[in-house]
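>>> Sequence and predicted structure, then a few things I'm wondering about:
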Amino acid sequence: MLTKWKVVAALALLLSGPAFAADEPGISATEIKIGGVFPFSGPASSIGLVGKGVIAYIQSVNDRGGVNGRKINYIAYDDAYSPPKAVEHVRKLVESDEVSFMFGQLGTPGISATAKYLRSKGVPSVAIISGSSKFTDVASYPMITTGLVSYDTEGKIYAKYLTKALPNAKFAILYQNDDLGKDYVAAFKAFLGKDFDRKVVTASYEVTEPTVDSQVVNLRSSGADALVIAGTPKFAAQAIRQASVIGWKATVIINFPSGSVGGTLAPAGLDKSVGVIVGTTNKDILDPTWKDDPGMQTYRAFLDKYLPGVDITNGSYLTGYQQGVLLEQILKQCGNDLSRKNILAQAKNLRDFVVPTVLPGVKVNTTDTVNMIWTQMRLQRWTGTSWKGFGEVLDAKSE
């Protein structure tokens, strides 16, 4: 009789564990369901390729047997960079698909539109593809971690660089008229203080506009010697090309979301992009420095197998790959405790984790006090054939 009760007690303990399917949505003995939303179409489709990279990496994980004995069932939808569609898809993922959590959702407008709903449902949204500074606030967004260096930190790094490199110059900022673009303007205001109005001229654009040519012409007329482009790849490419066409010899800086060779510089013209600067965490696949680098060799082999024929110069695939590496590590740290609480806790408990494709010195350290996965970056300049880094690795404390 005693033995029977021991068996019953052991079974009850097993069934009460956090990974049991009846207790945790999206979890079974053999799989974990995870949701994602990306702009696979629409005005930001070039960065939607991040999602393709994530999906491909997850397939590679599943081919290796999954994580801790479970395959990853990653369900990703296309919101075309439209907040209403993002809301529709996120609700479907939570209420119909019953995902365990969201991973890698891309697009500041869509993330903003769905954050309150996900919080109300207790669903973590891990490694969102947005650097919007508001999402780093744990009190306001306790269920989120961000997958990019914050735009505020990035913007201050650019402001500091330009102030040193061109101390007497005027700076022009072309920005996307949403949280993404406005963060960079705010960063320059915070860094320059009372000198902002004297040193900076700005122009905005909407993602529905066909081109930003007129904005670039107007900014040039201000006499600025530097142009900072804070937006998405399509418009960054247009701005680089237009600046070259009108003969504006400005120092051009593009933000990290537009830092892809294939997604931005090639459409702008590789020759027209010579000298363009970007802050990044990543090694460049075109840079011969990394030809024999084990991490980049593994990445090339991954592309050949899981994304054959894609443009390897498009950095969005690399961002997606790195996101997948982070997802795998977080799930490994979770062990068999796949409760939403532990998933979020482990996403905020990465310690000196090194992603093999990032620049030397860049490590991932997350905490429960700031919603950031990446906090470091280095400036790079386009030579015409590859990105070349210069200066030191900078972080949130050195901007």
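Arrived safely, thanks for sending.

>>> and residue 282, backbone torsions?
Reported as degrees, to the nearest 10, the phi and psi values for residue 282 are phi -110, psi 150.

>>> Relative to residue 211, how far out is it?
Look at residue 282 and residue 211: by CB to CB, to the nearest Å, they are 28 Å apart. Every residue, glycine included, has its C-beta placed from N, CA and C.

>>> Likewise for residue 183?
Per CB to CB, residue 183 is found 23 Å from residue 211.

>>> now swap in residue 292 and tell me
Using CB to CB, residue 292 is found at 42 Å from residue 211.

>>> and if you look at residue 190?
Counting by CB to CB - residue 190 and residue 211 are separated by 30 Å.

>>> just to revisit the earlier point, more neighbours, residue 183 and residue 211?
For residue 183 versus residue 211, neighbours defined as other CB atoms under 10 Å are more numerous around residue 183 (25 against 14).

>>> Is the more buried one within a helix or a strand, and which one?
Residue 183 belongs to helix 179-192 when elements are defined using DSSP states H and E.

>>> Provide the backbone phi and psi angles at the most centrally placed residue in the chain.
Geometric centre of the chain, nearest residue: residue 129, 3.4 Å, by CA atoms, centre = their mean. Torsion angles at residue 129 (phi, psi; degrees, to the nearest 10) stand at phi -90, psi 80.

>>> among the helices and strands of this protein, which one scores worst on average pLDDT?
helix 2-15 (a mean of 40; mean pLDDT, DSSP states H and E).

>>> Show me what the next helix or strand after it is packed up against.
Later in the chain than helix 2-15, the nearest helix or strand by DSSP H and E is strand 31-38. Packed against strand 31-38 by the contact rule (3 or more CB pairs under 8 Å, 6 or more residues apart in numbering; DSSP states H and E) you find helix 45-63, strand 71-78, helix 83-95, strand 101-103.

>>> From the chain's centroid, how far away is the helix or strand following the shortest one?
The helix or strand immediately downstream of strand 101-103 is helix 108-121, counting by DSSP H and E. Centroid displacement of helix 108-121 relative to its chain, using CA atoms, centre = their mean, to the nearest Å, is 17 Å.

>>> Helix 108-121 - contacts with which helices or strands?
Using 3+ CB pairs under 8 Å, 6+ apart, helix 108-121 is in contact with helix 83-95, strand 125-128, helix 179-192.

>>> mind checking which of these is nearest residue 64?
strand 125-128 (20.4 Å; CB to CB).

>>> Output the contacting helices and strands for the closest one.
Of the remaining helices and strands, those touching strand 125-128 by 3+ CB pairs under 8 Å, 6+ apart are strand 101-103, helix 108-121, strand 144-146, helix 315-334, helix 340-347.

>>> State the paired neighbours of that strand in the sheet, together with their directions.
Taking DSSP bridges as the criterion, strand 125-128 forms sheet pairs with strand 101-103 (parallel), strand 144-146 (parallel).

>>> mind putting these in TSV, distance to residue 206, mean pLDDT and mean neighbour count included?
Compiled in TSV, the strands paired with strand 125-128 are given as follows (distance: least, CB to CB, whole Å; pLDDT from 0 to 100; neighbours: other CB atoms under 10 Å):
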stretch	distance to residue 206	mean pLDDT	mean neighbour count
strand 101-103	27	98	26
strand 144-146	24	94	27
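
>>> Adding distance to residue 375, write those out as a markdown table.
As requested, the strands paired with strand 125-128 are exported to a markdown table (distance: least, CB to CB, whole Å):
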| stretch | distance to residue 375 |
| --- | --- |
| strand 101-103 | 19 |
| strand 144-146 | 10 |
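
>>> wait, which of these is closest to residue 312?
Taking CB to CB, strand 101-103 is the member of the strands paired with strand 125-128 nearest to residue 312, at 23.9 Å.

>>> what's next to stretch 356-364, contact-wise?
Residues outside stretch 356-364 that contact it (CB atoms under 8 Å, 6 or more residues apart in numbering) are 280-283, 294-296, 298-299, 318, 321-322, 325-326, 350, 352-355, 373-374, 376-378, 389, 393.

>>> And the residues you listed, which of them are buried?
Neighbour-count burial (16 or more other CB atoms under 10 Å) applied to the contacts of stretch 356-364 gives 280-283, 296, 299, 318, 321-322, 325-326, 350, 353, 355, 373-374, 376-378, 389, 393.

>>> wait, what's in contact with residue 48?
For residue 48, the contact set (CB under 8 Å, 6+ apart) comprises 38, 39, 40, 41, 42, 78, 81, 106, 316.

>>> My guess is residue 230 contacts residue 175. True?
Yes: contact criterion CB atoms under 8 Å: residue 230 and residue 175 qualify, at 4.2 Å.

>>> Neighbour count: those two, which is higher?
Using other CB under 10 Å, the more surrounded residue of residue 230 and residue 175 is residue 230, with 29 against 24.

>>> got a pLDDT number for the residue nearest to the more buried one when sequence neighbours are not counted?
Closest residue to residue 230 apart from its sequence neighbours, by CB to CB, 6 or more residues apart in numbering: residue 184 at 3.7 Å. Per-residue pLDDT puts residue 184 at 97.

>>> So which bits of stretch 323-343 are buried?
323-331, 333-334, 337-340, 342-343.

>>> what stretches of this protein score poorly on pLDDT?
Counting by pLDDT under 70, the chain has low-confidence residues at 1-22, 396-399.

>>> Distance check, residue 241 against residue 337.
51 Å.

>>> scratch that, residue 175 is what I was asking about
Going from residue 175 to residue 337 by CB to CB gives 42 Å.

>>> and what of residue 286?
Between residue 286 and residue 337 the distance, using CB to CB, works out to 42 Å.

>>> now do residue 177
With distances taken as CB to CB, residue 177 is found 43 Å from residue 337.
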